[in-house]
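>>> model the structure of this input:
(one chain, ligands or ions: 1)
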Amino acid sequence: MKKRFWSLLLLAAALALLAGCRGGESSGVSDSAGGAGVSSQGASAAQPTAAPTPSPTPEAETDPYAAAAGYREENAERYADYAAQNPGLAAQQVVSYVNIGLDRPFYTEVETIADPDNLLVLCNKYHQLPDGYEPADLVQISSQYSNGGKTLYLRAEAAAAFERLCAGAAAEGYTILGQSGYRSYAYQDQIYNNYVARDGQAAADTYSARPGFSEHQTGLAMDICNGALSYTDFGQTAEYAWAKEHLAEYGFVLHYLPGTEQITGYMTEEWHIRYVGTETAAEIARLGITLDEYCASYLN
Ligand SMILES: [Zn+2]
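Predicted coordinates for the structure are as follows:
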């Protein structure tokens, strides 16, 4: 008999606990539904009788993008519009793409980069380097790691990492050499305008950056080759397969991967690597996204 009494008591206690939990839950919901008003638990506990009446659910509750990384309330309308125009995108893609600015044409609403010396600088078709920017810490790459002994520069940290990358590849029987590193505004201007004269601006824009918009001007990007084939054929080499597996260990990412043309605004460039540091490179590899998406939604 005593045993039965105790189990009844336990059951009653469990039911009471359950009721308590449900109460908490529903008050949580009405708290957030109540919006800007009293939302902290402390405040509602102090006034148990003044529980806010459930009102029609505000946007935050129904916004399918609110849980995505990098969600910005001020972009809520743009997310909805972009998703309507691009059905089939995941919520995270909608948020990241709009944050990048992809709901607007390339080279519109361009911002000048405030902190171009930051190792995680994003230089793309919406973010331009300041006039006359030149990194202060450019160093020359050891000529044994440049194709044909070309004079190539990268910023100090990226240069050291690049030499480690080349040495690491060599230790495993692969040849990775630099083809093009830092490029000044004036040089990029010359390259770009030559392409425009040859192929027209629309075509040139798919493979060449306008001056001030090239990642090469940051001193953190390098085009690589294996010394046997043209750098543009790097994607067909055994070195490319090796690089895909190992770049992150040296702090580099491939910026313009196949399938990301609509995100970066550039055609695939298997030869173009960008230094971001080992931690960020590992994180970008883990997420399987572009540097643009990473900067737009995972930074800050
Ligand atoms: Zn490049």
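>>> check contacts around the residue nearest to residue 191 when sequence neighbours are not counted.
Distance criterion Cβ to Cβ, 6 or more residues apart in numbering; nearest residue to residue 191, sequence neighbours excluded, is residue 208 at 6.4 Å. To be clear about C-beta, it is placed using only N, CA and C from the backbone, and glycine gets the same treatment. Applying Cβ atoms under 8 Å, 6 or more residues apart in numbering, we find residue 208 in contact with 191-192, 195.
>>> next one: residue 259
So, once contact is read as Cβ under 8 Å, 6+ apart, residue 259 ends up touching residue 268.
>>> what separation is there between it and the ion?
Separation of residue 259 from the ion (Cβ to the ion, to the nearest Å): 18 Å.
>>> so which of the contacts of residue 208 is the most crowded?
residue 192 (20 neighbours; other Cβ atoms under 10 Å).
>>> mind listing what's buried in the one helix or strand that one maps to?
Assigned by DSSP states H and E, residue 192 falls within helix 185-199. Across helix 185-199, burial judged by 16 or more other Cβ atoms under 10 Å covers 185, 188, 191-192, 195-196.
>>> now swap in stretch 112-123 and tell me
Result for stretch 112-123 [16+ other Cβ under 10 Å]: buried residues 113, 116, 121-123.
>>> now the residues you listed in TSV, with secondary structure and distance to residue 214?
Formatted as TSV, the buried residues of stretch 112-123 follow (DSSP: H, G, I helix; E, B strand; the rest coil; distance: Cβ to Cβ, whole Å):
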residue	secondary structure	distance to residue 214
113	coil	12
116	coil	12
121	coil	12
122	coil	13
123	coil	7
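>>> quick check: the farthest pair among these?
With Cβ to Cβ as the measure, no two of the buried residues of stretch 112-123 lie farther apart than 116 and 122, at 10.3 Å.
>>> ok, now which ones touch the nearest residue to residue 237 once chain neighbours are set aside?
Excluding the flanking residues, the one nearest residue 237 by Cβ to Cβ, 6+ apart is residue 226, at 4.8 Å. Residue 226 is in contact with 174-177, 234, 237-239, counting by Cβ under 8 Å, 6+ apart.
>>> can you redo those as JSON lines with secondary structure, distance to the ion and pLDDT?
Below are the contacts of residue 226 laid out as JSON lines (DSSP: H, G, I helix; E, B strand; the rest coil; distance: Cβ to the ion, whole Å; pLDDT from 0 to 100):
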{"residue": "174", "secondary structure": "coil", "distance to the ion": "20", "pLDDT": "98"}
{"residue": "175", "secondary structure": "coil", "distance to the ion": "19", "pLDDT": "98"}
{"residue": "176", "secondary structure": "coil", "distance to the ion": "14", "pLDDT": "98"}
{"residue": "177", "secondary structure": "strand", "distance to the ion": "14", "pLDDT": "98"}
{"residue": "234", "secondary structure": "helix", "distance to the ion": "11", "pLDDT": "98"}
{"residue": "237", "secondary structure": "coil", "distance to the ion": "16", "pLDDT": "98"}
{"residue": "238", "secondary structure": "helix", "distance to the ion": "21", "pLDDT": "98"}
{"residue": "239", "secondary structure": "helix", "distance to the ion": "16", "pLDDT": "98"}
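>>> distance of residue 248 from residue 270?
Distance of residue 248 to residue 270, computed by Cβ to Cβ, to the nearest Å: 15 Å.
>>> what is the burial count for residue 100?
24.
>>> what's the answer for residue 263, then?
Residue 263 has 21 nearby residues by other Cβ under 10 Å.
>>> you'd agree residue 254 is in a strand?
Yes: checked against DSSP: H, G, I helix; E, B strand; the rest coil, residue 254 lies within a strand.
>>> report the beta-bridge partner residues of it.
When bridges are called by DSSP bridges, residue 254 pairs up with residue 273.
>>> what residues are up against it?
Per Cβ under 8 Å, 6+ apart, neighbours of residue 254: 243-244, 247, 270, 272-274.
>>> the ion: which of those residues is nearest?
residue 272 (3.6 Å; Cβ to the ion).
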